[in-house]
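>>> Any chance you could fold what I've pasted below:
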Amino acid sequence: APRAEFVPGSLESLPFGDNTFDVVTCQLVLLHVADVARALAEMRRVLRPGGVVLCCEPDNLAGKVATLGTNLGTTDQDLAAILGLLMGCQAGKRALGEGDARIGAHLPRLLAAAGFERVTTHTNDTALQLIPPYDDPRMEVGLHQEREWAEQGVTVLAWARADALRHFQAAGGSAEEFEERWAALERWREAFLAAAAAGTFSAARGYVMYLVGGHKG
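Numbering: from 1, shown residues only. Below is the predicted model:
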């Protein structure tokens, strides 16, 4: 308790004074923020001169493309349909003011525009590989979680159906287009569950996550 305190608030209007902290950090937050420039301005405001900002955010479209690299033998037609679904959902998320799922790819430019100096960018250096017989504890946990989600109708590729439909339609997609693309995702999900149950599923599970830092001059 003496070392940490939880304070509710909005990232676009932080409840702290100017020049308060030596480090400000966020992980998987900015992709859900409507006004990222405003959020970064607030993060810079509460930093002391010489302080450091560290942001860890994904490029979810690039990450989903990498996640589709499996041994399931998904057809090119289904791959295109799934990517069309994901792109539509991400466009709808932006249109609704619920953030940008690709924000990680834009962070270096945004930090520089916010006035941060010595901006540096790194990507994650590990992959969540899945290789039979999954004897690494990390693989066991990862596969168990993915199977549990898939059995509930949710995959690592997309949100639950209701959220995906809401976002897809917000970008101007029709219900018919959504159903066609969702059917391809369902085929992928069923193929994954069958391969996981048989102990044959494999994937490199690379993902595109950016760690971007900068200093307040």
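>>> Let me see the mean pLDDT of whichever strand in the chain runs longest.
For the chain, the longest strand by residue count, based on DSSP state E, is strand 47-58. Mean per-residue pLDDT for strand 47-58: 98.
>>> Over to stretch 200-208?
What stretch 200-208 shows for mean pLDDT is 93.
>>> Check stretch 78-88 too.
Here the average pLDDT along stretch 78-88 is 97.
>>> what comes into contact with that stretch?
60-61, 64-65, 68, 74, 157-158, 164, 167-168, 171, 173, 177-178, 180-185, 187-188 (Cβ atoms under 8 Å, 6 or more residues apart in numbering). Placement of C-beta: from N, CA and C, glycine included.
>>> ok, of these, which come out buried?
Neighbour counting over these (16 or more other Cβ atoms under 10 Å) leaves 60-61, 64-65, 68, 74, 157-158, 164, 167-168, 171, 173, 177-178, 181-182, 184-185, 187-188 as the buried ones.
>>> ok, T74 touching W188?
Yes. Taking Cβ atoms under 8 Å as the definition, T74 is a contact partner of W188 at 5.8 Å.
>>> Could you tell me which residues touch both of those two?
Going by Cβ under 8 Å, 6+ apart, residues that sit against T74 and also against W188 are L68, I82.
>>> What residues sit buried inside the longest strand of the chain?
Applying 16+ other Cβ under 10 Å to strand 47-58 flags L47, G51, V52, V53, C55, C56, E57, P58 as buried.
>>> tell me which of those residues is nearest to G97?
E57 (17.4 Å; Cβ to Cβ).
>>> what's the neighbour count on the closest residue to that closest one other than its chain neighbours?
Closest residue to E57 apart from its sequence neighbours, by Cβ to Cβ, 6 or more residues apart in numbering: G104 at 4.0 Å. By other Cβ atoms under 10 Å, 26 other residues sit near G104.
>>> I'd assumed H122 was in contact with G104.
No. With contacts counted by Cβ under 8 Å, G104 stays clear of H122, the gap being 11.1 Å.
>>> Show me whatever sits in contact with both of the two.
Common neighbours of G104 and H122 (Cβ under 8 Å, 6+ apart) are Y210, V212.
>>> got the residue ranges for the strands in the chain?
Ranges of strands within the chain are 21-27, 47-58, 117-123, 209-215, based on DSSP E.
>>> Distance to T200 added to the ones you listed, as TSV?
Formatted as TSV, the strands of the chain follow (distance: least, Cβ to Cβ, whole Å):
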stretch	distance to T200
strand 21-27	34
strand 47-58	28
strand 117-123	29
strand 209-215	28
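>>> what's near enough to touch the spatially closest residue to T20 that is not a sequence neighbour?
Nearest residue to T20, sequence neighbours excluded (Cβ to Cβ, 6+ apart): V46, at 4.8 Å. Applying Cβ under 8 Å, 6+ apart to V46 gives the contacts L14, F16, G17, D18, N19, T20, F21, V24.
>>> Distance of the closest residue to G99 other than its chain neighbours relative to I131?
Spatially, and ignoring its direct neighbours in sequence, G99 is nearest to H32 (4.1 Å; Cβ to Cβ, 6+ apart). Per Cβ to Cβ, to the nearest Å, H32 is found 33 Å from I131.
>>> Nice, that's everything, thank you.
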